[in-house]
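Q: based on what follows, work out the 3D shape:
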Amino acid sequence: MQIQMPAILSCMLLFAVGVCASQTQAEPAALVATKQAGASVAALRLVGRTELPKYTGDFDHFEVDLKGNRLFLAAEDHNTLEVFDLKTGKLLKTIEGFDTPHGLLYLAEKNRLIVTQSGGDGMTKVVDATTYKIVDTIKLTPGADAFGYDPSRKRMWIATGGKDAKMTESFLSEVDVETGKHFGDIKFDTEKIEAMAIEQNGNRLYINVTGKNYMAVIDKEKRTVIATWPIKEAEQNAPLAFDEPNHRLFVVTRKPGKLIIVNADTGASIASFKAPERTDQVFFDKETRRIYVLGGEGYIGVFQQKDADHYEELAHVHSAVGAKTGLLVPELKRLYVAVSPGEAKTGAAVLQFDIASGN
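A: Purely as a prediction, here's the structure:
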């Protein structure tokens, strides 16, 4: 049985963990923090919340158009893309014509948006970001989902096949983002591959082979797997972030929720921490040297990098149940988080957090 509490009591309880926000807009001065290691640590400041009352199911990933002041969100279970004002959070437009969209890549020089989708024909779509019309299709194995973008070579690596396509094998497809040319695939004997990280000053691509519980290291020029590193601390390694200068990978698992710091040269584990459950996204902020782990159980785990080999848990930042995907926009010092109502039916929303300065 669910117990309803009066609004005043609810705010008192929320204040105890650092925030009391309205249903539509957070108070500008509301500081979101927690106590860790005996000290109150300011991590993120909740500055906005856009309610999306008509939405059910899950959202997936964001993308940003800085010059055009637009924020895009894939409404996975709503079969739409949502367009928001980047600064105010106001919903500007709903774009239809998709079937289970997942990943978004905005190409500013062409004003095009590339959208991976696993439903329908399972093909990746190209959208004119002026007219919001689908203008092209990138034909790959059905089931396009996660992807990584390599700006050093203007290549997109797209995860296809697998469970969403009712296949027992998955593929990583290399695509030229300007022409849509498909160069080739890397095959994995599993129904699930997830997030990836790509070197810009080297030739390696790292991908979580979630269905087999290991990370694959790929030579991106030869399109071959050159190493496999088992993830021993937990299962279902999915989200991934990268600190390339320090050669550190930040792997998040789902069974149970753990953050594992991995040496990107050797595959050795450096440290591990308990992380939020049901995480779909992790970010590394180069400026503050902080790691943000977005968890569907209702909080953002914040971890501080002291140096390449030393880390500490900094804060548990209250978000919302279902708040498991997001986008870090360093240029604005802001973190956007999508609240997926999912099965919990908690109410869909987009949260905006300002990033507090690092140590």
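
Q: and the strands in the stretch 1-150 of the chain, which stretches?
A: 31-36, 39-52, 62-65, 70-75, 80-85, 91-95, 101-107, 112-117, 124-128, 133-138, 147-150 (DSSP state E, counting those that start in this stretch).

Q: and the longest one, which residues are buried?
A: For strand 39-52, burial by neighbour count (16 or more other C-beta atoms under 10 Å) applies to V41, A43, L44, R45, L46, V47, G48, R49, T50, E51, L52. Every residue, glycine included, has its C-beta placed from N, CA and C.

Q: flag the shaky bits of the stretch 201-350 of the chain, pLDDT-wise.
A: 343-344 (pLDDT under 70).

Q: could I get the full set of helices for the stretch 251-359 of the chain?
A: Using DSSP state H, counting those that start in this stretch, the stretch 251-359 of the chain contains no helices.

Q: for the most centrally placed residue in the chain, give me its contacts.
A: Closest residue to the average C-alpha location of the chain: Q281 at 3.4 Å, with C-alpha atoms, centre = their mean. By C-beta atoms under 8 Å, 6 or more residues apart in numbering, the contact list for Q281 reads H61, P239, V293, L294, K324, T325, G326.

Q: the first one reaches T325, doesn't it?
A: So the one you mean is H61. Yes. Using C-beta atoms under 8 Å, H61 makes contact with T325 at a distance of 5.7 Å.

Q: now the strands of the stretch 1-150 of the chain in JSON lines, with mean pLDDT and distance to T160?
A: Output for the strands of the stretch 1-150 of the chain, formatted as JSON lines (pLDDT from 0 to 100; distance: least, C-beta to C-beta, whole Å):
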{"stretch": "strand 31-36", "mean pLDDT": "43", "distance to T160": "38"}
{"stretch": "strand 39-52", "mean pLDDT": "82", "distance to T160": "29"}
{"stretch": "strand 62-65", "mean pLDDT": "98", "distance to T160": "19"}
{"stretch": "strand 70-75", "mean pLDDT": "98", "distance to T160": "16"}
{"stretch": "strand 80-85", "mean pLDDT": "98", "distance to T160": "20"}
{"stretch": "strand 91-95", "mean pLDDT": "97", "distance to T160": "22"}
{"stretch": "strand 101-107", "mean pLDDT": "97", "distance to T160": "11"}
{"stretch": "strand 112-117", "mean pLDDT": "97", "distance to T160": "8"}
{"stretch": "strand 124-128", "mean pLDDT": "97", "distance to T160": "9"}
{"stretch": "strand 133-138", "mean pLDDT": "96", "distance to T160": "10"}
{"stretch": "strand 147-150", "mean pLDDT": "98", "distance to T160": "9"}
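
Q: wait, which of those strands is closest to S357?
A: strand 39-52 (8.7 Å; C-beta to C-beta).

Q: nearest residue to E312 in space, please, no chain neighbours.
A: Q304 (5.2 Å; C-beta to C-beta, 6 or more residues apart in numbering).

Q: specify the beta-bridge partners of that neighbour.
A: R290, E312 (DSSP bridges).

Q: wait, doesn't it sit right on L314?
A: Yes. Applying C-beta under 8 Å, one finds Q304 in contact with L314, separated by 4.6 Å.

Q: anything in contact with each of the two?
A: Contact criterion C-beta under 8 Å, 6+ apart; residues shared by Q304 and L314: R290.

Q: quick check: buried residues in stretch 258-277?
A: So for stretch 258-277, counting by 16+ other C-beta under 10 Å, buried means 258-264, 267, 272-273, 275-277.

Q: could you work out the end-to-end span of that stretch for me?
A: For stretch 258-277, the first-to-last residue distance is 8 Å (C-alpha to C-alpha, to the nearest Å).

Q: got the contact list for it?
A: Contacts of stretch 258-277 (C-beta under 8 Å, 6+ apart): 204, 206, 215, 217, 227, 229, 231-234, 237, 242, 244, 247-254, 256-257, 282, 291, 293-301, 303, 308-311, 313.

Q: settle this for me: K139 is touching H182, isn't it.
A: Yes. Using C-beta under 8 Å, K139 is in contact with H182, at 7.2 Å.

Q: more neighbours: the two, which one.
A: Remark: of K139 and H182, H182 carries more neighbours, 15 against 11, as counted by other C-beta atoms under 10 Å.

Q: so what's the more buried one up against?
A: By C-beta under 8 Å, 6+ apart, the neighbours of H182 are I138, K139, L140, S173, E174, V175.

Q: chain center to the helix or strand where the fourth one lies: distance?
A: It stands for S173. Secondary structure from DSSP states H and E places S173 in strand 170-176. Centroid separation between strand 170-176 and its chain, computed with C-alpha atoms, centre = their mean, to the nearest Å, is 19 Å.

Q: report the rounded mean pLDDT for it.
A: Mean pLDDT, strand 170-176: 98.

Q: what's the separation between D354 and F59?
A: 21 Å (C-beta to C-beta, to the nearest Å).

Q: oops, could you answer that again for D176 instead?
A: Separation of D176 from F59 (C-beta to C-beta): 28 Å.

Q: which of those two has more neighbours?
A: Neighbours per residue (other C-beta under 10 Å) separate D176 from F59, with F59 holding more: 30 against 14.

Q: tell me the contacts of that one?
A: So F59 contacts L73, A74, A75, E76, D77, T325, A338, V339, S340, A348 (C-beta under 8 Å, 6+ apart).
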